[in-house]
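1. I need the structure of the sequence given here:
(2 chains)
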Amino acid sequence: MDTAVTETLLMNYFAGQASALQKQLIDHWIKEPNNQELFYAVLENWENQHPQYMADTRKARDRHMERLANQASNGAATGIDQTERPPVRLYPNWLPAVFAAAMLVLLAGWINRDWLLYKTYTTAYGQIRHLILADGSKVTLNANSSLKEPRFTLGQTVRTVQLTGEADFTVTHTADNRQFIVHTERGLDVVVLGTEFTVYSRQPGDRVILRKGQVKLMYPQATMKQSMVMKPGDLVKVDRKGRVQSRTVRQPEQYASWRSNRFVFDHTTMPEIAQFFRETYGLKLIITDAEVASWTVTGAFTAQSAEELLDALSQGSGLTYSQHDKTVTLAYASNQPITITK
Amino acid sequence: MGQTKSLISYISTSNSRLFTIASDEDTGPCENNRTGLVDSEAFIRNAFARSANEGITLLFERYYQPLCNHAVRYVSSREIAEDIVSDLFYELQSKEIFKTVTSSFRAFLFTAVRNRAFDYVRLEMNRSTSLEQAGTVSIPIGQHPDTVTQFEELYHDVEKSLNQLPIQRRRVYIMHRFEGKKYSEIAKDLNLSVKTVEAHMAQAMHQMRKAMIAKWTMILLIACNLAVPLQGL
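-> All right, here's what the predicted structure looks like:
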């Protein structure tokens, strides 16, 4: 690659900060087809980082599909959208239906008081949800997780939520300094006023990573609760047996990069990768080939789904994979397939 | 521990600051780079192999936003930008152009959007009357600049001439062109008469055209004259 044209130069160029000489350099450089790919990759990146407005992608796609369907149905498409709305009808029998629905809701609420008292947000495998709680705090719920928030907070002096799985919190500070507490099933409490942090609470243990502000951890030890104060960049682990470990990480935001479907691996071992797939996508990987099992993965990947991530992982590593239901078979492209079972 | 082998050489599409490339077999940076860039679309190509609808959906999700964002820099109208991008996607699928794309979809889409946006600006510069119907006129495919930097130069100039408008006039221009508001709505929002809004728009158009014309006449108008016979079609 011609080193004279760098990503930084291109970024400046798109922003209108390149000199005449640099423009000429780019004009010359781009004649090479490989460089064109890099050029447009950086352009895409730049446009994503400098949004002018948010386009409604879903609506555009729906209109596209509608237009294709119209073309298919009447041969010569004019390309003019038919944006006529479907007529709104008031069905004569809507009242009983609404009444029945209301009764059902009441009945369900009566049977399930937990539902009535708590609002529960859950995510399926591979799904990420962005929530805004009643107090304005923002929560991003990772895949295969659930968060319980009390519906009635009137007269409460603290804000509490119950977490299973993994979530990232940006807690707003209230005027009356109310504490925000995240409970995990293992009895760990994260007590905060207003800050940004990630809580992970799954089968292998609990983990809290603090990005900003200050939090107090309360964890059960023997018969009483112990407490400790975390500083930004601290990562605290509580394992299944209740042992507590604390260390400082350099880039705490990496632990929340999953919020934007970005996965950062840094010398991550294959068993850890397998665990990640199980927790996030409900896919079980067992690696039988000793050599592959000893590999580590380093890199950052942007992926919208398990398939996309598998694609990215297998690209360039000489691995291929095939998937049957919840079982993924990894194979060396050159060797016999290695079967990975549930 | 065992043998530590990095699995991946993959160019991430978004902020690559955190990204590290480590590879045992050194294939040379150039080769590595190219495959990395193209391979980031492997998932989309696989989807196209399954069905065109699936592929186009992924293209929408990934590129619609940045493409509209890019087009709007030239045409300074959200609606027109989205029309340009949507038309491109439509042709890509209905004419099955996706089967013949040899570069990455990204390079293909960006190149096409830039050309079309360029065509649109050319058409607009050459119009003496109102531009209201411009969106419905099919844009002739004319000649395009032979250096890539002219594209950036063009939208930087559009931006500059927009910034040079008096503040109130610019406000009217953006509300009308970018936000798609009607003259009457703008008049109400800014507490002006509809006539004043009209005058602002006409002045804004005139001023922008004038600011652009000195530099771009040669490229835009000459190319446009070539394209005139096509307009009748």
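2. do you know how far B:S51 is from B:F98?
-> 11 Å (CB to CB, to the nearest Å). All C-beta spots, glycine's among them, are computed from the backbone N, C-alpha and C.
3. which of these two has more neighbours?
-> B:F98 (19 against 10; other CB atoms under 10 Å in any protein chain shown).
4. which stretches of the stretch 201-342 of chain A form helices?
-> A:270-281, A:290-293, A:306-314 (DSSP state H, counting those that start in this stretch).
5. repeat for chain B
-> Along chain B, the segments classed as helices by DSSP state H run B:29-39, B:42-50, B:52-59, B:65-75, B:78-94, B:105-125, B:149-163, B:167-173, B:183-190, B:194-216, B:222-231.
6. please save the CA atoms from the third one in PDB.
-> Extracted C-alpha coordinates of helix B:52-59, given in PDB (Å, rounded to 0.1, in the frame of the first residue of the first chain):
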ATOM      1  CA  ALA B  52     -32.000 -10.800  -3.300                       C
ATOM      2  CA  ASN B  53     -34.400  -9.500  -0.700                       C
ATOM      3  CA  GLU B  54     -32.200 -10.600   2.100                       C
ATOM      4  CA  GLY B  55     -29.100  -9.100   0.500                       C
ATOM      5  CA  ILE B  56     -30.800  -5.800  -0.200                       C
ATOM      6  CA  THR B  57     -32.000  -5.600   3.300                       C
ATOM      7  CA  LEU B  58     -28.500  -5.900   4.600                       C
ATOM      8  CA  LEU B  59     -27.300  -3.300   2.100                       C
END
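7. what residues does the stretch 51-200 of chain A have near chain B?
-> A:51-55, A:57, A:60-61, A:63-65, A:67-68, A:71, A:77, A:79 (CB under 8 Å from any CB of the partner chain).
8. flag the shaky bits of the stretch 1-150 of chain A, pLDDT-wise.
-> The stretch 1-150 of chain A contains residues with pLDDT under 70 at A:1-3, A:74-94, A:113, A:115-116.
9. so which residue of it comes closest to chain B?
-> Here the stretch 1-150 of chain A gets closest to chain B at one residue, A:E47, 3.8 Å apart by CB to the nearest CB.
10. quick one: contacts for that residue?
-> By CB atoms under 8 Å, 6 or more residues apart in numbering or on different chains, the residues touching A:E47 are B:65-67, B:69-70.
11. so which of those residues wins on neighbours?
-> Going by other CB under 10 Å, B:L67 tops those with 30 neighbours.
12. isn't it up against B:A112?
-> No. Contact criterion CB atoms under 8 Å: B:L67 and B:A112 do not qualify, at 9.1 Å.
13. now do the shared contacts for these two.
-> When CB under 8 Å, 6+ apart defines a contact, the residues bordering B:L67 and B:A112 alike are B:L88.
14. so which of the contacts of A:E47 is the closest to A:S314?
-> B:P66 (26.5 Å; CB to CB).
15. confidence score at the closest one?
-> Note for B:P66: predicted pLDDT of 93.
16. so it sits against A:Q49, correct?
-> No. In this structure, B:P66 is not within contact of A:Q49 by CB under 8 Å, at 9.5 Å.
17. so how far does stretch A:195-212 reach from one end to the other?
-> 5 Å (CA to CA, to the nearest Å).
18. tell me the buried residues in that stretch?
-> A:195-202, A:205-211 (16 or more other CB atoms under 10 Å in any protein chain shown).
19. same thing with stretch A:140-153?
-> So for stretch A:140-153, counting by 16+ other CB under 10 Å, buried means A:140-145, A:147-149.
20. what is the neighbour count of the closest residue to A:T172 other than its chain neighbours?
-> Once flanking residues are discounted, A:T172 sits nearest to A:G136: 4.5 Å by CB to CB, 6 or more residues apart in numbering or on different chains. By other CB under 10 Å, the residues close to A:G136 number 11.
21. per-residue pLDDT, the residue in chain A positioned nearest to chain B?
-> At 3.1 Å from chain B, A:S294 is the closest residue in chain A, using CB to the nearest CB. Model confidence at A:S294, given as pLDDT, is 80.
22. would you check that it makes contact with A:I287?
-> No. With contact defined as CB under 8 Å, A:S294 does not reach A:I287; the gap is 9.2 Å.
23. need the overlap of contacts for those two.
-> With CB under 8 Å, 6+ apart as the test, A:S294 and A:I287 both reach A:M270.
24. flag the helix or strand of chain B with the lowest per-element mean pLDDT.
-> helix B:222-231 (a mean of 42; mean pLDDT, DSSP states H and E).
25. those strands in the stretch 151-300 of chain A, which residues are they?
-> For the stretch 151-300 of chain A, the strands defined by DSSP state E, counting those that start in this stretch cover A:158-170, A:179-184, A:189-192, A:196-202, A:205-212, A:215-221, A:224-230, A:234-239, A:244-248, A:262-269, A:296-302.
26. and the shortest one, what does it pack onto?
-> With contacts defined as 3 or more CB pairs under 8 Å, 6 or more residues apart in numbering or on different chains; DSSP states H and E, the secondary structure elements packing on strand A:189-192 are strand A:179-184, strand A:215-221.
27. in a markdown table, list those along with mean pLDDT.
-> As requested, these are exported to a markdown table (pLDDT from 0 to 100):
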| stretch | mean pLDDT |
| --- | --- |
| strand A:179-184 | 89 |
| strand A:215-221 | 82 |
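28. could you export those strands as JSON lines, including distance to A:L319 and mean neighbour count?
-> Shown next, in JSON lines, are the helices and strands packed on strand A:189-192 (distance: least, CB to CB, whole Å; neighbours: other CB atoms under 10 Å in any protein chain shown):
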{"stretch": "strand A:179-184", "distance to A:L319": "35", "mean neighbour count": "20"}
{"stretch": "strand A:215-221", "distance to A:L319": "40", "mean neighbour count": "19"}
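29. export these to CSV and append columns for distance to A:F39.
-> Shown next, in CSV, are those (distance: least, CB to CB, whole Å):
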stretch, distance to A:F39
strand A:179-184, 45
strand A:215-221, 45
